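Visitor: sequence unavailable; structure follows:
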C-alpha cells in the first residue's frame, strides 16, 4: 500500500443532492481509512477560466461585479465556467469569457497556472491565462445574472491591493500574485 492509499477514502455511493445552474451539491457515502462510514457533501462545478488581460499600454482590464453571496461589488479579473466543448480548448473559453465580460479581445493568450481553490469542500479547478494586446472590439455579452462594469488598472496597483488585503477575489489574487512572482 502506498502512502497516498493509506489516506484515501473509499466512495461507496454518490448522488446529486441538489442541482442548480452553475453547480451541484454532491453527497457521497464514504469509508474513512480507520473504517468509519460517514457522509461527505461537496460542491461540484465545471472547470473555470480566469484571464489576466493586459492592454498594449500595460494596463490590466478589470471588472467590478456585484457578488450577492458577500453583498458587495467585487473588483476582479474576467472569469467564468467552461462549457463541455471547452474541455479540449481552454484558451478558447478564456477568450470567450474575456470578450463576453469586457468587450475586449486579445492578440495572444498563454497559460499561467492551474489551481484547486477550495478542494476541502469543492471540486473546482481554475485555469489562469495571461492575455496580451487586449483591445475593446465589441459590446459586453453578459449572462442574465451578471452585473459587470469594466475598468482598467495599473498592474502594480493590483499587486499592492492584493498585498494590503484590499483585493478580495481569490481568483484575482492568485492570478495577480502568480504573475508577479513569475
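Guide: Looks like it arrived, so ask away. If you're wondering where the values come from, they're calculated on a predicted model, not measured in any experiment.

Visitor: give me the contacts around the lowest-mean-pLDDT helix or strand in the chain.
Guide: Least confident helix or strand, the chain: helix 3-7 with a mean of 89, by mean pLDDT, DSSP states H and E. For helix 3-7, contacts defined as CB atoms under 8 Å, 6 or more residues apart in numbering pick out residue 33. For the C-beta atoms, the positions are set from N, CA and C on the backbone; glycine is no exception.

Visitor: following element in sequence after that helix, please.
Guide: strand 10-20 (DSSP states H and E).

Visitor: so what strands line up beside that following strand?
Guide: strand 23-31 (antiparallel) (DSSP bridges).

Visitor: and the partner strand, what's buried?
Guide: 23, 24, 26, 27, 28, 30 (16 or more other CB atoms under 10 Å).

Visitor: how about residue 18, nearest residue that isn't a chain neighbour?
Guide: residue 25 (4.2 Å; CB to CB, 6 or more residues apart in numbering).

Visitor: nope, residue 107 is what I was after
Guide: residue 133 (2.9 Å).

Visitor: which strands and helices lie in contact with the stretch of helix or strand the one you found belongs to?
Guide: Following DSSP H and E, one finds residue 133 within strand 126-136. Helices and strands touching strand 126-136, by 3 or more CB pairs under 8 Å, 6 or more residues apart in numbering; DSSP states H and E, are strand 48-55, helix 90-102, strand 104-105, strand 108-115, helix 170-181.

Visitor: mind putting these into JSON lines with distance to residue 161?
Guide: As requested, these are exported to JSON lines (distance: least, CB to CB, whole Å):
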{"stretch": "strand 48-55", "distance to residue 161": "14"}
{"stretch": "helix 90-102", "distance to residue 161": "19"}
{"stretch": "strand 104-105", "distance to residue 161": "21"}
{"stretch": "strand 108-115", "distance to residue 161": "18"}
{"stretch": "helix 170-181", "distance to residue 161": "8"}
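
Visitor: out of those, which gets nearest to residue 71?
Guide: Each of the helices and strands packed on strand 126-136 has some distance to residue 71 by CB to CB; the shortest is helix 170-181, at 17.0 Å.

Visitor: list the buried residues in the closest one.
Guide: 171, 172, 173, 174, 175, 176, 179.
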